[in-house]
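Engineer: Sequence isn't available, so here's the structure alone:
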Ligand SMILES: Nc1ncnc2c1ncn2[C@@H]1O[C@H](COP(=O)(O)OP(=O)(O)OP(=O)(O)O)[C@@H](O)[C@H]1O
């Protein structure tokens, strides 16, 4: 059983304690080709940053650099003011949750088992406690009734919510979303975006690569426009969408809005 403090901490609208992130002159390359060059960005604790930009501009690569799925060629990433390059990548990924376009759930596991797996196997919590945490996280994403369903018996939106619950079950300090709604049927997108907005309101630090300009406009604290591996403009949603400074951003917006 969970102790009362833990249960209280996990209840429906509990606040998160997001950490700050800072990227310092981050450069990432695939082989000899640099696809991200000298990217610097401040992401305050508990804030939401939306990354927008054309296909191939380096948005996913930026996320992969933050949690070291791809090792930086140069530069640094600071989590709560401390370089993540000092930690083992596995330890870092306990602190930074990531949600992908494709949900990557284990097909032979139920929703509950999918969410409980990492707290049990990676955090090494007792199985019963991991299951309790998973139940609470599934409850938070509105899937209590689907806990015993396998992914094939869930809609795409429900599978993505399981993937979000799975990331939250590790108590991350930062959540990275890589086009989390791009693979969903249009009628399922809103539910997942609402859930993401709820995490934002509760103080999670979020970095969201998205093609959903409405979400970026409504939810982001800052919007980052990337093109050709660089940050071209950073600003409030109002500044980016209503008063774009660069021709590149104006051209991009004219194509997507
Ligand atoms: N594994 C890889 N090996 C070599 N090049 C890669 C690899 N992954 C991405 N790239 C290249 O890096 C650049 C940035 O890709 P990235 O996926 O980060 O862009 P993106 O902005 O997320 O694009 P999209 O919106 O289409 O997902 C692109 O030119 C891409 O072709």
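Structural biologist: Noted; the coordinates are in hand. All of these numbers come straight from a predicted model, not from anything done at the bench.
Engineer: how about the residues of this structure that lie near the ligand?
Structural biologist: Of all the residues in the chain, those in contact range of the ligand (Cβ under 6 Å from any ligand atom) are 30, 35, 53, 55, 56, 57, 58, 59, 60, 61. Glycine gets a C-beta too; all of them are placed from N, C-alpha and C.
Engineer: how about those in JSON lines, adding neighbour count and pLDDT?
Structural biologist: Putting the residues of the chain next to the ligand into JSON lines (neighbours: other Cβ atoms under 10 Å; pLDDT from 0 to 100) gives the following:
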{"residue": "30", "neighbour count": "11", "pLDDT": "96"}
{"residue": "35", "neighbour count": "20", "pLDDT": "96"}
{"residue": "53", "neighbour count": "25", "pLDDT": "98"}
{"residue": "55", "neighbour count": "6", "pLDDT": "97"}
{"residue": "56", "neighbour count": "12", "pLDDT": "97"}
{"residue": "57", "neighbour count": "23", "pLDDT": "98"}
{"residue": "58", "neighbour count": "24", "pLDDT": "98"}
{"residue": "59", "neighbour count": "23", "pLDDT": "98"}
{"residue": "60", "neighbour count": "19", "pLDDT": "97"}
{"residue": "61", "neighbour count": "22", "pLDDT": "97"}
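Engineer: Relative to residue 106, which of the residues you listed is nearest.
Structural biologist: Of all these, the one with the least separation from residue 106 (Cβ to Cβ) is residue 60, at 22.7 Å.
Engineer: For the closest one, what is the enclosing helix or strand?
Structural biologist: Taking DSSP states H and E as the criterion, residue 60 maps to helix 59-66.
Engineer: Quick check: chain neighbours aside, which residue is closest to residue 45?
Structural biologist: Using Cβ to Cβ, 6 or more residues apart in numbering and skipping residues adjacent in sequence, the residue nearest residue 45 is residue 20, 4.3 Å away.
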